[in-house]
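> I need the structure of the sequence given here:
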Amino acid sequence: DGAALSYQWRPNITVGVSAGLPIDSPRFVSGGERAFYAFSAQVGDIWDKLTVNAYTHQQTVDGISDRQAVGGELRFRDGPLNVIGLVDYDASYNVLNTLLVNSTWRFENDWQVNGMVLFGAQPYLTTRNALAGQTAISIEEMLDTYTEGQIRTLARDRTAQSTTASVGLSVPLSERLDVRFDVTTRQAEATVASGGVAAIPATGSQLYINARLVGSSILKQGDLTMLTLRHDTTRTRDSSMVLVDSRLPIGERLRFNPRISVTQRTDNSTGMEQIIAAPSIRVLYRWKRLMIDLEGGGRWASRELPPEEWDPFTPDGTEVLTGGFVNLGYRLEF
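Numbers count the residues shown, from 1 in each chain. Have a look, this model is predicted:
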């Protein structure tokens with residue numbers, strides 16, 4: 001919660017200040033133990049293609065520094081090319097919280113290529129990260145046991161550095177069909193064990209591959225059908241998934257959304273395989289200002305157990321689990 005004030009100093013230069021109390025969620029009202037203030041300056045229309053925004057953000061928690069950041073955002077547009085860059089550096093911890101470059105290139109035939117590289121802290125480094133794994137519920141309480149320097153060390157130890165890179169391609173096959181591909185790789189370093197909190201191991205190299213076929217107005221005007229193929233490779237398991245998701249309007253008030261996914265998972269440490277099927281259907285009905293939302297579905301899972309886990313309920317080593325759900329909700333618009 002807070003307030004912001006901006007002033008257009010020049011036709012292409014805007015400065016702003018903001019201050020307030022950070023909150024963790026809309027349901028949590030922050031007390032006075034955390035506060036921030038920030039200053040920003042934006043310069044636009046540089047060469048009619050570039051906009052630059054620089055800022056500084058200072059934040060405190062229970063009377064000590066929580067975050068001292070300087071950073072900026074860059075937006076560049078030149079015809080079919082659009083590039084967004086973002087950097088956030090914490091001067092007190094000497095840590096790069098975020099370095100992001102995201103670009104899109106659209107060709108004349110409507111092909112589109114996307115690329116993204118993200119490097120930074122996970123989660124964002126703040127002094128409050130020191131609370132992770134501790135019995136204390138506030139930094140003020142931790143100050144009874146640790147010095148400020150020790151708390152800052154614990155916060156740094158709870159924070160890992162991660163790198164994510166992705167590339168995607170969107171190709172229109174016709175007026176109603178297009179196909180999209182994207183590949184993402186990610187890895188995060190290990191955290192450091194300290195303060196009675198165990199280290200989180202490094203993730204190793206993770207790979208995510210997606211292919212999606214999207215059709216619109218295939219059966220009738222306004223419908224949407226998606227066929228998704230996905231394969232994930234991580235340190236702990238490999239998984240492959242097929243998903244069919246369809247959204248079908250019936251008149252102006254009724255919408256049907258049937259979907260089904262089938263997933264195969266392999267545990268890389270045990271070699272155990274698991275197959276999961278999850279069908280569902282969602283029905284939306286609008287009457288004046290009222291929206292009724294009804295959804296039902298099921299889940300069937302089968303996995304092969306190692307011999308040491310066989311029991312009278314799984315004499316052949318195959319465990320089968322089934323389940324279902326029904327959700328009913330409404331939304332009233334005023």
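> what strands line up against the helix or strand hosting N257, and which way round?
In the assignment (DSSP states H and E), N257 maps to strand 254-267. Strand pairing for strand 254-267, determined by DSSP bridges: strand 237-250 (antiparallel), strand 273-287 (antiparallel).
> mean pLDDT added to those, as a markdown table?
Shown next, in a markdown table, are the strands paired with strand 254-267 (pLDDT from 0 to 100):
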| stretch | mean pLDDT |
| --- | --- |
| strand 237-250 | 95 |
| strand 273-287 | 94 |
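> now render those as a markdown table, adding mean neighbour count and distance to V192.
Backbone N, C-alpha and C define where each C-beta goes, glycine included. Converted to a markdown table, the strands paired with strand 254-267 look like this (neighbours: other C-beta atoms under 10 Å; distance: least, C-beta to C-beta, whole Å):
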| stretch | mean neighbour count | distance to V192 |
| --- | --- | --- |
| strand 237-250 | 16 | 26 |
| strand 273-287 | 15 | 33 |
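> would you format the ones you listed as JSON lines with distance to T14 included?
Compiled in JSON lines, those are given as follows (distance: least, C-beta to C-beta, whole Å):
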{"stretch": "strand 237-250", "distance to T14": "41"}
{"stretch": "strand 273-287", "distance to T14": "41"}
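> quick one, strands of the stretch 151-300 of the chain?
Assigned by DSSP state E, counting those that start in this stretch, the strands in the stretch 151-300 of the chain fall at 160-172, 177-188, 206-216, 224-233, 237-250, 254-267, 273-287, 290-304.
> can I get these in TSV with distance to S103?
TSV is the format used below for the strands of the stretch 151-300 of the chain (distance: least, C-beta to C-beta, whole Å):
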stretch	distance to S103
strand 160-172	10
strand 177-188	14
strand 206-216	19
strand 224-233	24
strand 237-250	28
strand 254-267	31
strand 273-287	35
strand 290-304	37
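> I13 pairs with what?
R10, V43.
> surely it meets A41?
Yes - judged on C-beta atoms under 8 Å, I13 makes contact with A41 at a distance of 7.0 Å.
> quick one, helices of the stretch 1-150 of the chain?
Secondary structure of the stretch 1-150 of the chain by DSSP state H, counting those that start in this stretch: the helices cover 139-142, 148-157.
> what residues does the shortest one touch?
Right, helix 139-142. Surrounding helix 139-142, the residues in contact under the criterion C-beta atoms under 8 Å, 6 or more residues apart in numbering are 33, 61-64, 66, 127-128, 130-131, 134, 136, 151.
> just the CA atoms of it, as CSV, please.
Included here for helix 139-142 are C-alpha records, laid out as CSV according to Å, rounded to 0.1, in the frame of the first residue of the first chain:
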residue,chain,number,x,y,z
ILE,A,139,13.4,-9.5,11.7
GLU,A,140,12.9,-7.6,15.0
GLU,A,141,12.7,-11.0,16.8
MET,A,142,15.8,-12.3,15.0
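> hang on, the earlier thing: out of the strands paired with strand 254-267, which is closest to A4?
Among the strands paired with strand 254-267, the nearest to A4 by C-beta to C-beta is strand 273-287 (36.0 Å).
> that closest one versus strand 290-304: what angle between them?
Taking axes from the mean of the first three to the mean of the last three C-alpha atoms, to 10 degrees, one finds that strand 273-287 is oriented at 170 degrees with respect to strand 290-304.
> now strand 273-287 - C-alpha only, CSV.
This file holds the C-alpha atoms of strand 273-287, laid out as CSV (Å, rounded to 0.1, in the frame of the first residue of the first chain):
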residue,chain,number,x,y,z
GLU,A,273,7.0,-44.8,-14.5
GLN,A,274,3.6,-43.2,-13.9
ILE,A,275,0.7,-42.5,-16.3
ILE,A,276,-1.9,-39.9,-15.4
ALA,A,277,-5.2,-39.2,-17.3
ALA,A,278,-7.3,-36.2,-16.3
PRO,A,279,-10.5,-35.4,-18.1
SER,A,280,-12.7,-32.5,-17.1
ILE,A,281,-15.5,-30.2,-18.4
ARG,A,282,-16.4,-26.7,-17.5
VAL,A,283,-19.7,-25.0,-18.2
LEU,A,284,-20.2,-21.2,-18.0
TYR,A,285,-23.6,-19.7,-18.1
ARG,A,286,-24.3,-15.9,-18.1
TRP,A,287,-27.7,-14.5,-17.1
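> chain center to stretch 231-239: distance?
Between the centre of stretch 231-239 and the centre of its chain there are 18 Å (C-alpha atoms, centre = their mean, to the nearest Å).
> what residues does it touch?
When contacts are defined by C-beta under 8 Å, 6+ apart, stretch 231-239 is touched by residues 203-209, 230, 240-241, 263-269.
> out of these, which are buried?
Of all those considered here, the ones buried according to neighbour count by 16 or more other C-beta atoms under 10 Å are T203, Q206, Y208, R230, M241, T263, R265.
> surely A301 is in contact with E273?
No - using C-beta under 8 Å, A301 is not in contact with E273; the gap is 11.3 Å.
> hang on, the earlier thing: in the contacts of helix 139-142, find the pair that's most separated.
Within these, G63 and Q134 form the most distant pair, 18.2 Å apart (C-beta to C-beta).
> more neighbours, the two?
Ranked by neighbour count (other C-beta atoms under 10 Å), G63 and Q134 place Q134 first, with 18 against 10.
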